[in-house]
Structures are given as C-alpha cells and as structure tokens.
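Peer 1: 3D, please:
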Amino acid sequence: RAGHPVDLAEFDRIGREVPVLVDLKPSGEHYMEHFHQAGGVPRLLAELVDVLDLTTPMVEGGTLGDRVMKPEDMHAQDVIRPLGRPVTGQGAMAVLSGNLCPRGAVIKHSAASPALMQHSGRAVVFESVADLAERIDDPALDVTADDVLVLRNAGPRGAPGMPEAGYIPIPKKLAALGVKDMVRLSDARMSGTAFGTVVLHVSPEAAAGGPLALLQNGDMIRLDVPARRIDMLVDDAELARRAAIARPAVERPARGYARLYHDHVLQADQGCDFDFLTASGAAGEGPE
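Peer 2: Numbering: from 1, shown residues only. Sure thing, here's the model as predicted:
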C-alpha cells in the first residue's frame, strides 16, 4: 500500500546471507517469552548492525539505529545468538520457483527435515479443505511416506481467505507406523510455530488458474530446496492438454462483501490485499 513491493528474489537472497539467530521453536528450543526476556527485538538488532541500514526512519520518529540495544543494557542470555554462532547458517525461509509455482512458493526450511530437502514423490491430491478433512485418515487412502501430500483451492480466493490449512496432518495410518514428516504442498498458509517439510503460498493459486490446478493423483513432484525449485514432472504437452479441459470454477458470489473479495483479492505473492488498496489504487488487477 505504501508503494514498496516485496521482491521475493531479494527476500530469498537476504535469507541466504543472514542466518537464523533466535533460538525459538520450531527452528530451535525456546519460546517467545524467552525471546522477550533475552531482550527482544532491540537485543536482536544489536547482533545485526552489520547488515542493517541504521539510518532507516521509523514511523514514530527517529531511526532504526535508535532502537538498537546499548551494550550497557545487555545481560547474559542464550536465546539470541551472535552472527558467528547462529542456530542455522541460512535464514529460516526460502522462496521456491518451478512449474508448480510460476510466481513463487515459500518453505520454512529451518523447521523441515534435512532428509526431505531434495525429494521426489507421488502426488496425493486433496481438492479442498473439506476433502482433506474427509479423507486424510481414511484407512483406504492410497498413500506412502514417500508421497507428497497436496492441498489445493485453499488460497486467497479458493478457500476463500487463505486459511491456516497448509500444515496437512500426517495420515493416521502412517503416523501409527512412526512417520513424523512428509513433503506437503498447498496454496494455503500455516502457523509460524509448525514443524515440517511444508511448501506454502503457491502462486498463482489453483482457484486463480495456477498450474497447481492441473496436478493429478500419481504425478511425480520433485522438491529441491538448495536449487529453490519445486516442479511436477509432467511435460508441457500434457499440461497443455489438461489446461484445455474445462474444470469447475470457484463459485463467484452473487453480491456483497464476498463478491467484492472474490473479484479483487490479490495473490499470495502480492500480499493477499485488495487490488484497489494498493499504491496504484487501480481496480481490476486481481486474478482472472
């Protein structure tokens, strides 16, 4: 709204260069109250002075540098790490690209299983949050621990409202066998406290015509976090064939706020805001 778009490539670059310094769950061991007791954001800023523009003005006056904790106010603590002793060597989140997410997707790889950072598996697709709730624990569900659980139509327009549905539960029959994590993929979001190899915010979402809508049960998906990609291993000709087949559209509400929301909500990579509230103020920029 201020006219400063978030560049996902820049977001990912910063994540590669700035490590995780705060030792909190799910990436670490402590809780938010421990971060507060350790000194909170002012104490964290003190560890980041070499990578910050301390002249940046603050909304309430002064500069970012004014918010950095002074050495005389610091006390011994083990929650906020120095740059030389990080929790993990790279930032908590990575931005992915690929033929499943032309405008990006996000994974919190600091809270994911290292063994799944490069993984190929068969898609097990759920069409909606309701479909997921109905079938995920069905003993007859055709699923193995190597598969990729996929939830679509759970994004800004599809759900609607992009609910915290991306933390897809492990199917009960696999959990009973000791499976703790699987690759999961959706156009939804999830809580920041959740652990797991979960790819979120796929953009464009399925309900806006994104490639996620073309994925079928049994398609192979390849996740490569070091390469920052997630792809369905389906050739372009087959994807074009699927795209030409009419699919049920998300029902457009007849009137009221629901109609306004449906017509004007932006995609995840644009902040899920209304198009008419952006800096340009131009309506009609929402998903087709």
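Peer 1: show me where the stretch 101-250 of the chain has its strands.
Peer 2: Applying DSSP state E, counting those that start in this stretch to the stretch 101-250 of the chain gives strands spanning 105-107, 118-126, 148-151, 183-186, 198-200, 220-224, 229-232.
Peer 1: format those strands as CSV; extra columns: mean neighbour count and distance to residue 96.
Peer 2: All C-beta spots, glycine's among them, are computed from the backbone N, C-alpha and C. As requested, the strands of the stretch 101-250 of the chain are arranged in CSV below (neighbours: other Cβ atoms under 10 Å; distance: least, Cβ to Cβ, whole Å):
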stretch, mean neighbour count, distance to residue 96
strand 105-107, 25, 5
strand 118-126, 18, 12
strand 148-151, 27, 13
strand 183-186, 28, 10
strand 198-200, 27, 7
strand 220-224, 19, 8
strand 229-232, 20, 5
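Peer 1: right, so of these, which gets closest to residue 167?
Peer 2: Among these, strand 198-200 comes nearest to residue 167, with 6.1 Å by Cβ to Cβ.
Peer 1: what sits against residue 25?
Peer 2: Residues near residue 25 by Cβ atoms under 8 Å, 6 or more residues apart in numbering: 31, 193, 195.
Peer 1: nearest to residue 2, of the strands of the stretch 101-250 of the chain?
Peer 2: strand 105-107 (21.7 Å).
Peer 1: partner strands of that closest one, with direction?
Peer 2: strand 94-96 (antiparallel), strand 198-200 (antiparallel) (DSSP bridges).
Peer 1: need the strands of the stretch 101-250 of the chain in TSV with distance to residue 132 and mean pLDDT, can you?
Peer 2: Shown next, in TSV, are the strands of the stretch 101-250 of the chain (distance: least, Cβ to Cβ, whole Å; pLDDT from 0 to 100):
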stretch	distance to residue 132	mean pLDDT
strand 105-107	18	97
strand 118-126	4	98
strand 148-151	6	98
strand 183-186	9	98
strand 198-200	14	98
strand 220-224	17	98
strand 229-232	19	98
